[in-house]
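Visitor: below are the sequence and a predicted model for it; my questions follow.
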Amino acid sequence: MRVLICVAVVALAAAAPGAAQVVPQRPPEQRRPDPSDTIPVPHFRVEPPVSPLGAMWRSLLLPGWGQSIMGRRVTGAVFIFWEGITLTMTLKSANQLNYLESIDADQEQIDGKRQEVEDWAVLLVFNHLLAAAEAFVSAELWDFPGELETRSLPNGDLGAGVRVYW
């Protein structure tokens, strides 16, 4: 018992000097900026009606939805139109494939129709991905000031260019 008490006293004695030597440090001083060396920057970015990721997810779910929210209704209508065509053709080709399989048609016809169904399905998925990417880029470039214009060049040709204001 005496040995345990001695070991405990020695351990406390050894730990106490280390704890006593901890010196609290002063927090670093925070320097306030001098108002004369700062330039106020005006808020120049106009926020889009929806975030870029929000527009992307909307158009991934239903192509054209993100474009519609961004005010790009013609682009959204093109994506919805192409979605309708690819979905209709995928279903039509799948129906024709089922018919060919039910009447035991030639294997070459069945393989060709199966390839057609896969092609239309790939176009359907590609439309979703392209619409999502276009909506994301549209939201990122929401306040881009470029304007496309065409005019006659000095040699008489017609030229197109983008005017960017700085």
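Guide: Arrived safely. All values derive from a computational prediction rather than experimental measurement.

Visitor: in this structure, which spans are helices?
Guide: Applying DSSP state H to the chain gives helices spanning 2-20, 52-61, 65-69, 73-102, 107-140.

Visitor: quick one, which of those helices is packed in tightest?
Guide: helix 65-69 (a mean of 23; mean count of other CB atoms under 10 Å). For every residue, glycine as well, the C-beta is placed using N, CA and C.

Visitor: roughly how far apart are residue 142 and residue 63?
Guide: Distance of residue 142 to residue 63, computed by CB to CB, to the nearest Å: 19 Å.

Visitor: who's more crowded, the two?
Guide: Neighbour count, other CB atoms under 10 Å: between residue 142 and residue 63, residue 63 has more, with 27 against 17.

Visitor: looks like that one contacts residue 126 (just checking).
Guide: No: counting by CB atoms under 8 Å, residue 63 stays clear of residue 126, with 10.3 Å between them.

Visitor: which residues touch residue 130?
Guide: 63, 79 (CB atoms under 8 Å, 6 or more residues apart in numbering).

Visitor: I'd like to know how far it sits from residue 104.
Guide: 39 Å.

Visitor: repeat for residue 155
Guide: From residue 155 to residue 104 the distance is 68 Å (CB to CB).

Visitor: kindly report the same for residue 80.
Guide: Applying CB to CB to residue 80 and residue 104 gives a distance of 39 Å.

Visitor: also residue 113?
Guide: Applying CB to CB to residue 113 and residue 104 gives a distance of 14 Å.

Visitor: dump the residue contacts of the closest residue to residue 48 other than its chain neighbours.
Guide: Of all residues not flanking residue 48 in the chain, residue 142 sits nearest, at 3.8 Å (CB to CB, 6 or more residues apart in numbering). Shown in contact with residue 142 (CB under 8 Å, 6+ apart): 46-48, 70.

Visitor: what subset of those is buried?
Guide: 48, 70 (16 or more other CB atoms under 10 Å).

Visitor: where is pLDDT lowest across the contacts of residue 142?
Guide: Across the contacts of residue 142, the bottom pLDDT score, 71, is held by residue 46.

Visitor: leaving out chain neighbours, which residue sits closest to that one?
Guide: residue 143 (4.4 Å).
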